[in-house]
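In: Need coordinates for the following:
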Amino acid sequence: MADYYDDNAAAPGRRNGWTPQIKIRGSSFLSAQDSIIDALSHAPNIFISPDDSPVLLEVKDGTVTRVKAHDMIRYSGSIYRLVKEKKAKDNVILEPLDLPLAAAAALLTAPLLGRGFRPLSVVSDRPVLLKSGDIVYRPGYTMVEGEGVEIVKSGVDWDSLIKPSPTYEDALAAIDFLWEFIKEFNFVADVDRSVASAVFLTAAIWKSAPWLRPAPFFGFSATQKGTGKSLLASVVASPIMSFSQEKPLIIAHGFSDEEFMKRYAGAAIKGQEAVIVDNVIRRLNGGDLAIKATEKRSSDRELGFTINHVTRQMLTVVTGNNLTVDEDMHRRTLRSRQEALQRLDSRVFSRSPTELMLEAQKLRPEIVAAALTIASATIRLAPPLQNQMSSFEDWSAVVPRALVWLGRENPLLALKVHASDDEESSRFRAFVLSAADWFARKGGKHFAGGFSAHDLATTAMAMDGDNAPIETDLYQACATVAPSSSFFGRFARVDATKLGYFLRGIAGKPHVTDSGRLIRIVSAGRDASSSRRVALYSVEIDGNHVTPGSPPPATNVFKAPPPNHICEICGDPASSGRGAPGSPHGVVRWFCREHIDSWKLTPLRDSPATSPSAPDLSLTPSESGNEDDDEEYEWESADDDSGE
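Out: Got it, this is the predicted structure:
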């Protein structure tokens, strides 16, 4: 590795193992304030935050914590020693004193800039990566591209793991090594695997290259539970942790954005480098969270206190079934889709989930070395990336650039794949699927002729013994599209009036699922038994009315396309497959979300197996030109000149 020395790495006179003695005159400790601050500025483990209103930071066992008043008292005797003259018979002795709590609190408000403190951005137990591509490792404090980094000893022989000037072949071998940890997970397309690789690379160099921040949020989504989203998130985010820790902090999303942001801010205040938001059950909203995604540093208020903390960006990975984000978070989040071919607990891996996590922890130095090799070679040798992710230019110039250079799919294409998951479409999707599932399972008990907005709102608000929604998915869908300003316990009520307007607006609008099933919520007339003649609605799947109380449509609906399938019209990754139900030839064609609404396939009249030569099948719209009428599309043979 390159030799790297910084004249500003250590302030002159930095004291180790020597405690200055400060004499207190009279009864006031204010006279000793400057001397105490000077002693703190020369302590090897005390720093300040790198902002305009800095606060004191302490590094202990590789962890950064904010210095509080009780810490100032604890430093008395180790970083400084307070004494006071006391006459005893014929001589004067120096009596030790403790710093009062009020005086300690006053010290924390004293100006710190220009007092010799070192700004600290990162504590790293691994080499640092410079913008030039050089990799350096020298334990102690150093400045890296304007960021203060405290490198602590890790006991790893980095010189044997990282070559001074890695080549393309070295980078290719390194990416193949990282690939081994995620190869057994089922991804929908190559771009989804590439997003997982981007998380892996980002986590491994997060502490080594603080100048890469901010980095986007990452998400792992699937159409059903048990596909291994949480395990995948833990594996690819684990390299950010120190070598003695297993995996990052995991927090719940919860039922309230306000409650979630308290948890998220609490993790940032405690100095967490990474956080996994597991099993997101609602749309991921922007607002304060959008700021966290695009800013290196932001302000958070500690719960129960009025003090604001300036916190650093955490590497954030979210998981959820049918994960959706709002418009603010769409351009800030790269999502990876997993295929629900088989549940995790029923699949056979070469390594169990526990063994995979333990191996990722055991080989963490090798993972970090591989990622640094890739990043160093990319910076020095790879051609620039043409399109970068807005607000994340520095990150885009290393991680996506490296993957494209090494022959992988560009992870930024995930933004195009999920372009249709804006706020309106995601709300519509979740609502239609939840309402259809509920109506098929239970609607027949009370709403055989259809359901009203009031029926749906009442069912969504039904609570169990713990005052939690019984129909969780239905409640989340209804509360998202029709929230009330009042609450039932900790849950927002569902506004039946708003829900009625929403149902009226979506009635008849088709939703095509990932397996190609067409679901509509349709009008079922009005309730003649009611004096108000309220509007009733029902559910149709593939044009057939759903009989209430039948098996849930989820058994046939929630399926994703096999990996590597692309849309036949535009070539983008496919999201849905449409075939000819009951057709003996079993042909299935694949389309993206943009084009699936325009095509509905019907069975061929003759099976290719019974024809002398199987014709080349091409899908063409009918002559009506009405793309909204799904019944106007048919299979047509390019070899059939008769038009039959």
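
In: how many neighbours does residue 85 have?
Out: Using other C-beta atoms under 10 Å, residue 85 has 11 neighbouring residues. (Each C-beta comes from the backbone N, C-alpha and C, glycine too.)

In: try the one 5 residues further on
Out: By the measure other C-beta under 10 Å, the count of residues near residue 90 is 5.

In: how far away is it from residue 325?
Out: 79 Å (C-beta to C-beta, to the nearest Å).

In: With residue 96 instead?
Out: Residue 96 sits 58 Å away from residue 325, going by C-beta to C-beta.

In: Compare neighbour counts for those two and give me the winner.
Out: For residue 96 versus residue 325, neighbours defined as other C-beta under 10 Å are more numerous around residue 325 (27 against 11).

In: Correct me if wrong: that one contacts residue 333.
Out: Yes: counting by C-beta atoms under 8 Å, residue 325 touches residue 333, with 5.2 Å between them.

In: Give me the common contacts of these two.
Out: Counting by C-beta atoms under 8 Å, 6 or more residues apart in numbering, the common neighbours of residue 325 and residue 333 are 219, 284.

In: which phi and psi does residue 316 have?
Out: Here is the backbone geometry of residue 316 (degrees, to the nearest 10): phi -120, psi 120.

In: What does the pLDDT read for it?
Out: Confidence at residue 316, expressed as pLDDT, is 94.

In: just residue 298 next, same as before
Out: On pLDDT, residue 298 comes in at 77.

In: same thing with residue 590?
Out: We have a pLDDT of 62 for residue 590.

In: what about stretch 177-197, distance to the chain center?
Out: The chain centroid and the centroid of stretch 177-197 are separated by 16 Å under C-alpha atoms, centre = their mean, to the nearest Å.

In: Please disregard the earlier target; I meant stretch 215-229.
Out: How far stretch 215-229 lies from its chain's middle: 8 Å, per C-alpha atoms, centre = their mean.

In: go on, stretch 23-33?
Out: Centre-to-centre, stretch 23-33 and its host chain are 51 Å apart (C-alpha atoms, centre = their mean).

In: Any chance you could list what contacts it?
Out: Under C-beta under 8 Å, 6+ apart, the answer for stretch 23-33 is 22, 82-85, 94, 97, 99-100, 103, 106-107, 110.

In: which of the residues in that stretch are buried?
Out: Going by neighbour count (16 or more other C-beta atoms under 10 Å), the buried part of stretch 23-33 is 24, 29, 32.

In: ok, then the element right after the longest helix seen in the chain?
Out: Counting by DSSP state H, the longest helix found in the chain is helix 423-442. Scanning forward in sequence from helix 423-442 by DSSP states H and E, the next helix or strand is helix 453-460.

In: which helices and strands does the next helix or strand after that following helix pack with?
Out: Where DSSP H and E defines the elements, the next helix or strand beyond helix 453-460 is helix 472-481. Judged by 3 or more C-beta pairs under 8 Å, 6 or more residues apart in numbering; DSSP states H and E, helix 472-481 is in contact with helix 423-442, helix 453-460, strand 491-494, helix 496-506.

In: Could you pull up the residues touching residue 297?
Out: Residues in contact with residue 297 (C-beta under 8 Å, 6+ apart) are 50-51, 310-313.

In: bridging residues for it?
Out: Note on residue 297: beta-bridge partners by DSSP bridges are residue 312.

In: now it: how far from residue 64?
Out: Remark: distance between residue 297 and residue 64 (C-beta to C-beta) = 13 Å.

In: same thing with residue 143?
Out: 17 Å.

In: out of the two, which sits in the busier spot?
Out: residue 64 (19 against 15).

In: I'd say that one and residue 55 touch.
Out: No: using C-beta under 8 Å, residue 64 makes no contact with residue 55, being 11.2 Å away.

In: hey, where'd the strands end up in the stretch 101-250 of the chain?
Out: With DSSP state E, counting those that start in this stretch, the ranges of strands along the stretch 101-250 of the chain come out as 122-124, 128-129, 135-136, 140-144, 147-151, 217-222, 249-252.

In: Including distance to residue 537 and mean pLDDT, could those strands go into CSV?
Out: Listed next are these as CSV, based on distance: least, C-beta to C-beta, whole Å; pLDDT from 0 to 100:
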stretch, distance to residue 537, mean pLDDT
strand 122-124, 55, 83
strand 128-129, 57, 90
strand 135-136, 62, 86
strand 140-144, 60, 82
strand 147-151, 57, 84
strand 217-222, 28, 92
strand 249-252, 33, 91
